[in-house]
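Enquirer: fold the following and give me the result.
(2 chains)
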Amino acid sequence: MRILHARADLFLPSAVTGDMAAARIEFSDAEIKERMSGNLCRCGAYVGICEAIHSAFDREVAK
Amino acid sequence: MKSFAYARAADLEAAVKLLSKTPNAKLLGGGTNLVDLMRENIEQPDALVDVTGLPLDRIEERPDGGLVIGATVRNTAVAGHPVVRDRYPLLAQAIVFGASGQIRNMATVAGNLMQRTRCLYFYDHAARCNKRAPGAGCDAIGGFNRMHAILGASDSCIATHPSDMCVALAALDAKVNVIGPSGARTIAFEEFHRLPEDTPDIETDLQPGELITGIEIPPLGFARRSLYRKVRDRASYAFALVSVAAALEVDSGKVRNVRLALGGVAHKPWRATEAERVLAGANAGGESFRQAAEAELAPARGLAHNAFKIELTKRTIVGVLGELAGG
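Expert: All right, here's what the predicted structure looks like:
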């Protein structure tokens, strides 16, 4: 499982996280869309934006 | 946008002084609502008193297990606080269900309480609005009122309070600490926001020259089992049609403790005291939950476009309590 952040004190839950006390939040499409809400456009380009965030995560965070 | 004076308050005393001595002054926190309203010429203050430099930006744990949240703490900081996430999950949830990340990073706790309605007629200078221009009339009542109040509305105003966070604070029996020219006092959350009656331009119990210093949240052990559910037209970044904040403690199949508050239904965050009364000691099951919802919504009145919210609210109450009861 790809984890958004392992340290609860450094990362907030979002509206789709469910358990507010969760220490581990899965890096998922649902989390990306919620966290980009307000930025993410509502036309077809958001699919590409989500893919770009996934690949940036793999390159920069997951290693 | 009208020009205005700007002053940064050096300390609390200076803020109270500036606010009470400057004619038509408003406090500036994160500016996420006030600045928008100034751009639209809905709010036209002559002066802004910036309070973001005041030492009101801390969250403190009280010895009894409660919390005191400073007025200028950003919404994100509240939702991310380990004690809030652990002991008051409904509050963390209510916050992350509101606005967007950027807005929550800027918006303050006191500003959240003081935000104005999103009624479109309030924003539209071509429409009549008793809130914007007292005595002018209300074009929402006979207009497009799908988002409007079903409880506690008046012939003057049917606007709703837009906050998510305040619905959780109402359920938690929070208190609002304020300070003004005649000293400090504490206002029960229930009494802080007003129903519209015939003066919908007066929205809170704050007196001239008073400002909010913080919010007190009492210890409430059973709030660990709590939930905020928001029903809206879009999955994200939209105001509530209806929302429910609840905490529930069940003992041997009976309701031992319950807190319930509703959002999107009234001019203020609506504490569901009638439902709580019905639920006290009742079986923790769908039938009692429905009875409680029916009792709370008995005085509800629908308008041309928002009558659907009555049944929607009842079902959301039943759904939230059912989830908390583990059913």
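Enquirer: not counting its neighbours along the chain, what's nearest the residue nearest to the spatial centre of chain B?
Expert: By C-alpha atoms, centre = their mean, chain B has its centre lying nearest to B:C166, at 2.9 Å. In space, and not counting its chain neighbours, B:C166 is closest to B:P269: 4.2 Å by C-beta to C-beta, 6 or more residues apart in numbering or on different chains. Backbone N, C-alpha and C define where each C-beta goes, glycine included.
Enquirer: with A:R24 instead?
Expert: Leaving out its chain neighbours, the residue that sits closest to A:R24 by C-beta to C-beta, 6+ apart is A:I3, at 5.1 Å.
Enquirer: enumerate every residue touching A:D29.
Expert: Contacts for A:D29 (C-beta atoms under 8 Å, 6 or more residues apart in numbering or on different chains) come out as A:C50.
Enquirer: related to what we said a few turns ago, sec struct for the residue nearest to the centre of chain B, please.
Expert: The three-state label given to B:C166 by DSSP: H, G, I helix; E, B strand; the rest coil is helix.
Enquirer: check which helices and strands the helix or strand containing B:D36 sits against.
Expert: Secondary-structure element containing B:D36, defined by DSSP states H and E: helix B:34-39. For helix B:34-39, the elements it packs on are strand B:25-28, judged by 3 or more C-beta pairs under 8 Å, 6 or more residues apart in numbering or on different chains; DSSP states H and E.
Enquirer: got the residues of the stretch 201-327 of chain B near chain A?
Expert: Contact residues (C-beta under 8 Å from any C-beta of the partner chain) of the stretch 201-327 of chain B with chain A: B:230, B:236-237.
Enquirer: can you tell me which of those are buried?
Expert: Taking 16 or more other C-beta atoms under 10 Å in any protein chain shown as the criterion, what is buried in these is B:230, B:236-237.
Enquirer: list the contacts for the nearest residue to A:F57 once chain neighbours are set aside?
Expert: The shortest distance from A:F57 to any residue other than its chain neighbours is 5.9 Å, reached at A:F27 (C-beta to C-beta, 6+ apart). By C-beta under 8 Å, 6+ apart, A:F27 lies in contact with A:2-4, A:54, A:57, A:61.
Enquirer: at 7 Å what do you get?
Expert: Taking C-beta atoms under 7 Å, 6 or more residues apart in numbering or on different chains, we find A:F27 in contact with A:2-4, A:57.
Enquirer: and the gap between it and B:L211?
Expert: The spacing between A:F27 and B:L211, counted by C-beta to C-beta, to the nearest Å, is 41 Å.
Enquirer: check A:A23 too.
Expert: Taken as C-beta to C-beta, the spacing of A:A23 relative to B:L211 amounts to 37 Å.
Enquirer: ok, B:L241 next?
Expert: When distance is defined by C-beta to C-beta, B:L241 is 32 Å away from B:L211.
Enquirer: then B:R146?
Expert: From B:R146 over to B:L211 (counting by C-beta to C-beta), the distance is 35 Å.
Enquirer: the two: which has the busier surroundings?
Expert: Neighbour tally, B:R146 and B:L211, criterion other C-beta atoms under 10 Å in any protein chain shown: the higher count belongs to B:L211, 23 against 14.
Enquirer: quick one: the more buried one and B:A9, what's the gap?
Expert: Distance check for B:L211 against B:A9: by C-beta to C-beta, it reads 9 Å.
Enquirer: give me the common contacts of the two.
Expert: The contact sets of B:L211 and B:A9 overlap at B:15, B:51 (C-beta under 7 Å, 6+ apart).
Enquirer: same list (the buried ones among the residues of the stretch 201-327 of chain B next to chain A) but as JSON lines, adding secondary structure.
Expert: Converted to JSON lines, those look like this (three-state DSSP):
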{"residue": "B:K230", "secondary structure": "strand"}
{"residue": "B:S236", "secondary structure": "coil"}
{"residue": "B:Y237", "secondary structure": "coil"}
